[in-house]
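S.K.: no FASTA, just this:
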């Protein structure tokens, strides 16, 4: 029994690795395909047990979908990324990775709040709430203009107990074929609460609520609110991702002997021999095993090009997995400053395609330096689950900026000094397909393991934390096969914190 916990929740759960006789796996070589969070976690876990690791990343920078890169402007270099990410305090395994290069997590800074704004409606705040269940629920219900007791009187109480009556991983499979929208229909959530639950949280998975898994929605409520005492506030890096996170981690991995090869792609994996051979655009790499940690589309293409990998049913299931709809990140360096009273980050609902707005000089040193020099603001807006095509980009730009200036009228007429517009479609869709049929870390070939935020995981983790968790689990899986003890992972509780509450609520719902 461990006497240490990774956060402030004493009920955080330690999931130990499979037992191993040896202390290290020296003599083994593993190729990790993908230098995002999942691949970096796997590479770290393996290298720390003596494995020789070669990591391949097709882009010039590490970080995958949380990378940052330099761009040139007429006023000098700035940085760009795929957009704002919240580093929640429940992200135990991601934080374990970051601690390798920054033991005190000094490069993460706390946000004071992140308001959730409903158009023509109320604004919810998470500042100052109690963190420990059930007092966080009581506190939020007492203060929230959205989730008031009066507005929730028509909710189906018996159905709502499902948000509390969880037991993972069974809870994921319980909702096979059910969307988040269907689930909230059954709960009879009031409109404003529905906007908060769906339009903000579900869309953070880049999905339309009608195509997003109800099991994942329930897991999200449990992870961030009903099942964890870490609270709903989060941290952000104090500078761009590359400067604050990945360059320091790259130096740590280099000292650990990891061969980091950026700008290098894997083309296929030959598993016909006793080991594996990874074909890259720089030649072949022979290894004992491979961790496939690329995004969903890249993984599907690599497996399709690797004729003898796995079994036909497994290949078919993996090939059927879908990607989420496109999303847009639009960053603008402006000659006008955002109002000092505005939050650094605000999520939105009902503002057309606009899902959130970030004021980056409040968050990143680099953006703050630009603002000090030029006197304007660096504003980033996101649009998730975009339904229009690239040919309609101008109309989308016009609508996004109209909604942004509705929130920030001080930006009407602002001149754009520089802008970067990203249109991407490479995030996994967490849909309503059967949970058990989604490919997990283990594959039919013990020499091949998967990692990433689109990989099935038994624990209530999601997004960046699922990427990190499956990365550690992939490393542990290979190590266990060589008789070596791995690292284990942490999670929020996997069962309801109050086991008697669901039964009491269901009984109450039957009363006349």
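M.R.: Cool, got the structure. Please read all numbers here as calculations on a predicted model, not as lab measurements.
S.K.: Apart from its chain neighbours, what residue comes closest to residue 236?
M.R.: Sequence neighbours aside, residue 363 is the residue nearest to residue 236 in space, at 5.2 Å (criterion: C-beta to C-beta, 6 or more residues apart in numbering). The C-beta positions use only the backbone N, C-alpha and C, and glycine is treated the same way.
S.K.: can you pull the contacts of that neighbour?
M.R.: 84, 109, 111, 236-238, 344-345 (C-beta atoms under 8 Å, 6 or more residues apart in numbering).
S.K.: can we see that at 10 Å?
M.R.: Residue 363 makes contact with 84, 109, 111, 236-240, 344-345, 378, 380, according to C-beta atoms under 10 Å, 6 or more residues apart in numbering.
S.K.: Ok, residue 465 next?
M.R.: Contacts of residue 465 by C-beta under 10 Å, 6+ apart are 37, 87-88, 90-95, 223, 453, 457, 459, 489-492.
S.K.: Let's see that with 6 Å instead.
M.R.: 91, 94 (C-beta atoms under 6 Å, 6 or more residues apart in numbering).
S.K.: Next, the contact list for residue 26, please.
M.R.: So residue 26 contacts residue 50 (C-beta under 6 Å, 6+ apart).
S.K.: Residue 125 and residue 144: what is the separation?
M.R.: Relative to residue 144, residue 125 is positioned 8 Å away (C-beta to C-beta, to the nearest Å).
S.K.: ok, back up a step: list buried residues within the contacts of residue 363.
M.R.: 84, 111, 236-240, 344-345, 378, 380 (16 or more other C-beta atoms under 10 Å).
S.K.: Can you lay out the residues you listed as CSV showing distance to residue 410 and secondary structure?
M.R.: Listed next are the buried ones among the contacts of residue 363 as CSV, based on distance: C-beta to C-beta, whole Å; DSSP: H, G, I helix; E, B strand; the rest coil:
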residue, distance to residue 410, secondary structure
84, 20, coil
111, 21, coil
236, 23, strand
237, 27, strand
238, 26, coil
239, 26, coil
240, 25, coil
344, 15, coil
345, 17, strand
378, 15, strand
380, 16, strand
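S.K.: Next, residue 230: phi, psi?
M.R.: phi -80, psi -10 (degrees, to the nearest 10).
S.K.: An error on my part: the question was meant for residue 98.
M.R.: phi -60, psi -30.
S.K.: likewise the one 10 residues further on?
M.R.: According to degrees, to the nearest 10, the main-chain angles of residue 108 amount to phi -100, psi 130.
S.K.: Repeat that for residue 118.
M.R.: According to degrees, to the nearest 10, residue 118 has phi -100, psi 130.
S.K.: cool, and residue 404?
M.R.: Dihedral angles (degrees, to the nearest 10) for residue 404: phi -60, psi -40.
S.K.: List the contacts of it.
M.R.: Contacts of residue 404 (C-beta under 6 Å, 6+ apart): 357, 381.
S.K.: Name the nearest of the contacts of residue 363 relative to residue 355.
M.R.: Using C-beta to C-beta, residue 84 is the member of the contacts of residue 363 that lies nearest residue 355, at 10.4 Å.
S.K.: From residue 422, how far off is residue 369?
M.R.: Relative to residue 422, and taking C-beta to C-beta, residue 369 is found at 22 Å.
S.K.: Kindly report the same for residue 344.
M.R.: For residue 344, the distance to residue 422 - C-beta to C-beta - is 20 Å.
S.K.: Could you list the buried residues of stretch 7-23?
M.R.: Here stretch 7-23 shows 7, 9, 12-13, 15, 17, 20 as buried, counting by 16+ other C-beta under 10 Å.
S.K.: Nearest to residue 309 among these?
M.R.: residue 17 (25.2 Å).
S.K.: hang on, the closest one packs against residue 488?
M.R.: Yes. Taking C-beta atoms under 6 Å as the definition, residue 17 is a contact partner of residue 488 at 4.6 Å.
S.K.: thinking again about what came up before, got JSON lines for the buried residues of stretch 7-23, with pLDDT too?
M.R.: JSON lines is the format used below for the buried residues of stretch 7-23 (pLDDT from 0 to 100):
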{"residue": "7", "pLDDT": "94"}
{"residue": "9", "pLDDT": "95"}
{"residue": "12", "pLDDT": "96"}
{"residue": "13", "pLDDT": "97"}
{"residue": "15", "pLDDT": "97"}
{"residue": "17", "pLDDT": "95"}
{"residue": "20", "pLDDT": "83"}
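S.K.: Okay, and which of these map to strands?
M.R.: Of the positions in the buried residues of stretch 7-23, 13, 15 sit in strands, assigned by DSSP state E.
S.K.: In the buried residues of stretch 7-23, find the pair that's most separated.
M.R.: So, the buried residues of stretch 7-23 by C-beta to C-beta: farthest apart are 9 and 20, at 28.3 Å.
S.K.: all helices for the stretch 201-350 of the chain, in order.
M.R.: Secondary structure of the stretch 201-350 of the chain (DSSP state H, counting those that start in this stretch): helices at 214-221, 241, 247-255, 296-304, 312-320.
S.K.: And the stretch 1-150 of the chain, by the same measure?
M.R.: Counting by DSSP H, counting those that start in this stretch, the helices of the stretch 1-150 of the chain are 37-47, 92-99, 135-143.
S.K.: among the ones you listed, which is the most enclosed?
M.R.: Neighbour counts (mean count of other C-beta atoms under 10 Å) averaged over each of these peak at helix 37-47, with a mean of 31.
S.K.: Not counting that one itself, show me its contacts.
M.R.: With C-beta under 6 Å, 6+ apart, helix 37-47 has contacts from 30, 32, 53, 55, 97, 100, 256, 258, 291, 293, 451-452, 464, 467-468, 470-472, 474-475, 487.
S.K.: do stretch 475-493 as well
M.R.: Under C-beta under 6 Å, 6+ apart, the answer for stretch 475-493 is 6, 11-18, 20-22, 25, 42, 45-46, 49, 90, 92-93, 223, 227-228, 289, 441, 446, 449, 459, 469, 472.
S.K.: now residue 114: how far from residue 101?
M.R.: Residue 114 is 26 Å from residue 101, by C-beta to C-beta.
S.K.: oh, I was asking about residue 140
M.R.: Relative to residue 101, and taking C-beta to C-beta, residue 140 is found at 35 Å.
S.K.: ditto for residue 19
M.R.: 29 Å.
S.K.: Can you give me the buried ones in stretch 366-384?
M.R.: In stretch 366-384, counting by 16+ other C-beta under 10 Å, buried: 366-368, 370-371, 374, 376-384.
S.K.: from those, which ones fall inside helices?
M.R.: Among the buried residues of stretch 366-384, DSSP state H puts 366-368, 370-371, 374 in helices.
S.K.: What count of nearby residues applies to the nearest residue to residue 20 once chain neighbours are set aside?
M.R.: Distance criterion C-beta to C-beta, 6+ apart; nearest residue to residue 20, sequence neighbours excluded, is residue 485 at 3.5 Å. By the criterion of other C-beta atoms under 10 Å, residue 485 has 19 neighbours.
S.K.: And residue 298, by the same measure?
M.R.: By other C-beta under 10 Å, the residues close to residue 298 number 19.
S.K.: With residue 473 as the reference, measure out to the nearest residue to residue 264 once chain neighbours are set aside.
M.R.: Counting by C-beta to C-beta, 6+ apart, residue 264 lies nearest to residue 56, which is 4.9 Å off, once chain neighbours are set aside. In this view, residue 56 and residue 473 are 20 Å apart by C-beta to C-beta.
S.K.: More neighbours: those two, which one.
M.R.: residue 473 (30 against 26).
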